[in-house]
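Q: Next comes the sequence, and after it the predicted model I'd like to discuss.
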Amino acid sequence: MPAYPDRIRRLTAAMPGHDLQAVVLLPGPNLRYYTGLSFHLMGRPTLALITTDQPPLLLVPELERSKAESNPIGAIVHTYGEDPESRQAAFHRAAQAIGLARRRVGVEPLRMRWLEERLLEEAAPGIRMTSADDALEPLRAEKSPEELAAIRRAVAVAQAALNETIPQIRSGVSELDLAAELVLRLLRAGSESEFPFAPIVASGPNTALPHAVPTSRTLQPGDLVILDWGATVDGYISDLTRTFAIGRVDPELQQVHAIVAEANGAGRAAAGPGVACRAVDAAARSVIEAAGYGAAFIHRTGHGIGLEAHEAPYLRSDNEALLRPGMTFTVEPGIYLPGRGGVRVEDNIVVTERGAETLSSLPRELRVLT
């Protein structure tokens, strides 16, 4: 079982260095990471209040009392009823209990809503809210052995699901039907039903869209087909991409695939402890640029994976942050030619004490199917 109290201690120890006296967490990965609890983000506000000088506090609707009281961090639980007056009163009691007024409070910029912001401002006069990302992200970025074990299992589940799906990648099958087959195989292989993201299945010209949504288009001879998918195990995710060919494809697209596969290998080889994130991006990008397709590589080389499909570290050209042992991320270079097709090859990596280990092992060469 993860040491949630230790995670809280590490967070509160880090907060002063970021000029934070409190942190507010809403339902999502950070709340789960630090408290072990999962709640829905809904119309009834649910949040954790963590300060440097008081026990953690959970503010939840009455219907979540039992779950909140089972928390492993010794948090004090405040609840409220269905009426707005009860909710406002609970926010005031909670804010007063931990002295939230006039404090500098870190929030999750991509998760904090106007609803909670207003309730906190009303309950804690003079509260000053700012981003808590710089305090939260580094602590989650270095995975524990237990977290790495879950990610390894998520990779294994995703790979098993793809292998079971490959026989369905054939001419005449629609992108939607192929996506449905992949989802079914993921569940049967052992993935949780809450996937990291909806699987991407793109064929023909649709492969030139990095975030394509499956359509009713049927696979045709001469198509490239991209599958970008992942599994979830114990809340931790995998994120993989492979590109296939339906019969004989344009010779240039075959060459493009070879270039992307080489760039993938260069990026993976560049990773290691003490290596700047930008250096991994540069290693992959330089292969594509040298082949004359630099303008067609339109996204970063990779991103962290863990409880989220996109988290620190981010492997992009302007990121000077250094990789550390235990960090897990994708390496996913791509080339996209509008109207013609695209290629992406994506693997999952963990930084070790001496280098980096590629967790995924599916073949990376262009596999030709009928």
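A: That came in fine, so what should we check first?

Q: Tell me the spacing between Gly341 and Ile298.
A: The gap separating Gly341 from Ile298 is 14 Å, by Cβ to Cβ, to the nearest Å. In this view, the C-beta of every residue, glycine as well, is placed from N, C-alpha and C.

Q: okay, these two: which has more neighbours?
A: Set side by side, Gly341 and Ile298 show more neighbours around Gly341, with 28 against 12, by other Cβ atoms under 10 Å.

Q: what sits against that one?
A: 204-205, 207-208, 223-224, 249-250, 253 (Cβ atoms under 8 Å, 6 or more residues apart in numbering).

Q: any idea how far His92 lies from Leu119?
A: From His92 to Leu119 the distance is 9 Å (Cβ to Cβ).

Q: wait, I meant Val260
A: For Val260, the distance to Leu119 - Cβ to Cβ - is 48 Å.

Q: Show me how the record splits this protein into domains.
A: 4-139, 142-369 (automatic domain parsing).

Q: Find the nearest non-adjacent residue to Arg102, please.
A: Gly126 (3.7 Å; Cβ to Cβ, 6 or more residues apart in numbering).

Q: The one you found contacts Gly99, correct?
A: No - Gly126 lies out of contact with Gly99 (Cβ atoms under 8 Å); the separation is 11.3 Å.

Q: who has more neighbours, those two?
A: Using other Cβ under 10 Å as the criterion, Gly126 and Gly99 rank with Gly99 on top: 14 against 9.

Q: about what we covered before: the more surrounded of His92 and Leu119?
A: Leu119 (22 against 15).

Q: Quick one: classify the closest residue to Glu69 other than its chain neighbours as helix, strand or coil.
A: In this structure, Glu69 finds its nearest non-sequential neighbour in Val77, 5.3 Å apart by Cβ to Cβ, 6+ apart. Following DSSP: H, G, I helix; E, B strand; the rest coil, we place Val77 in the strand state.

Q: Count the neighbours of Val77 for me.
A: Look at Val77: counted by other Cβ under 10 Å, it has 18 neighbours.

Q: before we move on, the earlier item: and the contacts of Gly341, which two are the farthest apart?
A: Using Cβ to Cβ, the contacts of Gly341 reach their maximum pairwise distance at Ala208 and Val249, which is 13.6 Å.

Q: Show the contacting residues for Arg367.
A: 166, 242, 244-245.

Q: and it, what are its phi and psi?
A: Backbone torsions of Arg367, given as degrees, to the nearest 10, read phi -100, psi 120.

Q: tell me the pLDDT at it?
A: Note for Arg367: predicted pLDDT of 97.

Q: three-state assignment of the residue nearest to Arg102?
A: Three-state secondary structure (criterion: three-state DSSP) places Gly126 in coil.

Q: now swap in the one 4 residues further on and tell me
A: Thr130 falls in the strand class when you classify it by three-state DSSP.

Q: so it makes contact with Val107?
A: Yes - contact criterion Cβ under 8 Å: Thr130 and Val107 qualify, at 7.3 Å.

Q: Between these two, point out the one with more neighbours.
A: Val107 (23 against 14).

Q: how far away is that one from Tyr4?
A: For Val107, the distance to Tyr4 (Cβ to Cβ) stands at 20 Å.

Q: in what helix or strand does the residue most central in space within the chain lie?
A: The geometric centre of the chain, computed from its C-alpha atoms, lies nearest to Ala309 (Cα atoms, centre = their mean), at 1.7 Å. Using DSSP states H and E, Ala309 falls within no helix or strand.

Q: for Asn348, same thing?
A: strand 347-351.

Q: Give me the sheet partners of that strand and which way each runs.
A: When sheet partners are counted by DSSP bridges, strand 347-351 sits next to strand 328-331 (antiparallel), strand 356-358 (antiparallel).

Q: among those, which is the most enclosed?
A: strand 328-331 (a mean of 27; mean count of other Cβ atoms under 10 Å).

Q: Please enumerate the helices of the stretch 51-200 of the chain.
A: 65-69, 84-97, 114-123, 133-141, 145-165, 175-189 (DSSP state H, counting those that start in this stretch).

Q: mind listing what's buried in the last one?
A: The one in question is helix 175-189. Using 16 or more other Cβ atoms under 10 Å as the burial criterion, the residues of helix 175-189 that qualify are 175, 177-179, 181-183, 185-186, 189.

Q: How about the longest one?
A: Of the residues in helix 145-165, those buried under the neighbour-count criterion (16+ other Cβ under 10 Å) are 147-148, 150-162, 164-165.

Q: Just the C-alphas of that helix, formatted as CSV.
A: Extracted in CSV, the C-alpha atoms of helix 145-165 (Å, rounded to 0.1, in the frame of the first residue of the first chain):
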residue,chain,number,x,y,z
PRO,A,145,8.6,0.6,-7.3
GLU,A,146,4.9,0.0,-6.7
GLU,A,147,3.9,2.6,-9.2
LEU,A,148,6.4,1.2,-11.8
ALA,A,149,5.0,-2.3,-11.3
ALA,A,150,1.5,-1.0,-12.1
ILE,A,151,2.7,0.8,-15.2
ARG,A,152,4.5,-2.3,-16.4
ARG,A,153,1.3,-4.3,-16.0
ALA,A,154,-0.6,-1.5,-17.9
VAL,A,155,2.0,-1.9,-20.8
ALA,A,156,1.6,-5.6,-20.8
VAL,A,157,-2.2,-5.4,-20.9
ALA,A,158,-2.1,-2.9,-23.8
GLN,A,159,0.3,-5.0,-25.8
ALA,A,160,-1.7,-8.1,-25.3
ALA,A,161,-4.9,-6.3,-26.4
LEU,A,162,-3.2,-5.0,-29.6
ASN,A,163,-1.9,-8.5,-30.5
GLU,A,164,-5.5,-9.8,-30.2
THR,A,165,-6.8,-6.9,-32.3
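
Q: That's all I had, so thanks and see you.
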